[in-house]
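Visitor: could you look at this predicted model? Sequence included:
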Amino acid sequence: MASSITDRECNLMKAQLGLPTADMVDAGVRTTLDFFRNYLNTDPFVWISYIRGIDFHSRVEDLTIKPPVKLSRHKSTGSARPKPFAYFTVPGTSQYSTGTSFQESVYELFAVPHPMRSLKSRASGIKFDPEDRVVRSGGGVQYILSSIDASRLIKTA
């Protein structure tokens, strides 16, 4: 499927994320922009702080996950900004390898009940500001699902 993402958009996103031009980076940025714009129906540039959590030096894929896939997440117990998407990972993945480290969170497990489109990537290491001393090494597998699909997952624990 040909991407409708222009070179200008790809280059603008790379510049905002501080990314170099490289085949893998360009392909991942295009895939991400396309997923946000054409599947989530949202402007990806509005969500740049979340897109920053993607390691574009690793493969980024738009793929369909199917049963019996299991997913998990570390969900903050605090308030959250409403989003048209949600991040998940594979069971047993540390929140520090997915770029999160909520002061209080719950660990949730889910079953995928039917095929669902997702954006699969690796988490980037991340610091939220210069004084941030929490180590978030990244490297964990992450799946971005639409909020609608996320609400259809079956909670198992």
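Guide: Yep, it's here. Residues are numbered from 1 along each chain as shown.
Visitor: so where's this protein uncertain?
Guide: Across the chain, the ranges flagged by pLDDT under 70 are 1-3, 99-103, 126-138.
Visitor: just the strands in it please.
Guide: In the chain, the strands defined using DSSP state E lie at 61-65, 70-76, 85-88, 105-111, 116-122, 141-146, 154-155.
Visitor: now the second one, how far from the centre of its chain.
Guide: Shown here is strand 70-76, whose average C-alpha point lies 12 Å from the average C-alpha point of the whole chain (CA atoms, centre = their mean, to the nearest Å).
Visitor: give the buried residues for that strand.
Guide: Residues of strand 70-76 classed as buried: Lys70, Leu71, Ser72, Arg73, His74, Lys75 (neighbour count, 16 or more other CB atoms under 10 Å). C-beta: built from backbone N, CA, C; applies to glycine.
Visitor: show me what that strand is packed up against.
Guide: Using 3 or more CB pairs under 8 Å, 6 or more residues apart in numbering; DSSP states H and E, the elements in contact with strand 70-76 are strand 85-88, strand 105-111.
Visitor: now it - C-alpha only, PDB.
Guide: These are the backbone C-alpha positions of strand 70-76, laid out as PDB (Å, rounded to 0.1, in the frame of the first residue of the first chain):
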ATOM      1  CA  LYS A  70      -1.900 -11.600  24.900                       C
ATOM      2  CA  LEU A  71      -1.100  -8.000  25.700                       C
ATOM      3  CA  SER A  72      -0.300  -6.100  28.900                       C
ATOM      4  CA  ARG A  73       0.200  -2.500  30.100                       C
ATOM      5  CA  HIS A  74       1.200  -0.500  33.100                       C
ATOM      6  CA  LYS A  75      -1.700   1.900  33.500                       C
ATOM      7  CA  SER A  76      -1.300   5.000  35.600                       C
END
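Visitor: and it with strand 61-65, angle?
Guide: 110 degrees (axes from the mean of the first three to the mean of the last three CA atoms, to 10 degrees).
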